[in-house]
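In: Build the 3D model from these lines:
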Amino acid sequence: MSTPRDVAVLVGSLRKESYNRKLAMALAQVAPPELKLEIVEIGQLPLYNEDAEANAPAQWTAFRDRIRRADALLFVTPEYNRSVPAALKNAIDVGSRPYGSSAWDRKPGAVISASPGAIGGFGANHHLRQSLVFLNVPVLQMPEAYIGGVNKLFDDSGALNNESTRAFLGTFMTAFADWIERTAVA
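Out: Sure thing, here's the model as predicted:
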């Protein structure tokens, strides 16, 4: 087997017991063997300010370098006020600068949103997709992934306890692996 594709996973929630972090861990468990998922932390990134670009914080540089090394991107996010959380938006901004040097450019991506609510973070999912279009990230279109009632899907140890959700996540990750192979830049 060839070397697995390196998938940088960005989790929009910073909460210690985040459902989205648990979901990201479940996605790693059901991912095909040709994908290696790794959560890239975003909570330590200073807020983006173009004035700091001349002497960019080390956290920005390390984050940009990590995203550039990735073969693909997986965004797992809750919805805050019909959009993405501030930490995720900041990470997107940090990775997209300086202008003309975006770390995101042409990396195959996928978006999955999750919420305790019934619509599963639909607003955040689509708002994030708008930013990714501008950043030239080709995003998996189907299957769409909105996980509603996420607060009922994990046991006390954080393990996914819903078999139909596990099956759907497996289907999603298989489609994502295929998408990466079809769109990845050599």
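
In: could you say what helices and strands the helix or strand hosting residue 37 packs with?
Out: In the assignment (DSSP states H and E), residue 37 maps to strand 35-39. Secondary structure elements in contact with strand 35-39, counted by 3 or more CB pairs under 8 Å, 6 or more residues apart in numbering; DSSP states H and E, are strand 5-11, helix 19-30, helix 163-183. Any C-beta I mention is one placed from the backbone N, CA and C, and that applies to glycine too.

In: Out of the ones you listed, which one sits most buried?
Out: Using mean count of other CB atoms under 10 Å, the stretch among those with the greatest mean number of neighbours is strand 5-11 (a mean of 23).

In: Does residue 95 touch residue 101 like I think?
Out: No. Look at residue 95 against residue 101 with CB atoms under 8 Å: they stay out of range, at 9.8 Å.

In: So the two - more neighbours on which side?
Out: A direct count of neighbours by other CB atoms under 10 Å for residue 95 and residue 101 places residue 95 higher, at 27 against 11.

In: Spit out the contact partners of the more buried one.
Out: When the contact criterion is CB atoms under 8 Å, 6 or more residues apart in numbering, the partners of residue 95 are 63, 64, 67, 102, 103, 104.

In: Enumerate every residue touching residue 38.
Out: Applying CB under 8 Å, 6+ apart, we find residue 38 in contact with 6, 7, 8, 9.

In: For residue 47, which non-adjacent residue is spatially closest?
Out: Ranked by CB to CB, 6 or more residues apart in numbering and with sequence neighbours excluded, the top spatial neighbour of residue 47 is residue 90, at 5.8 Å.
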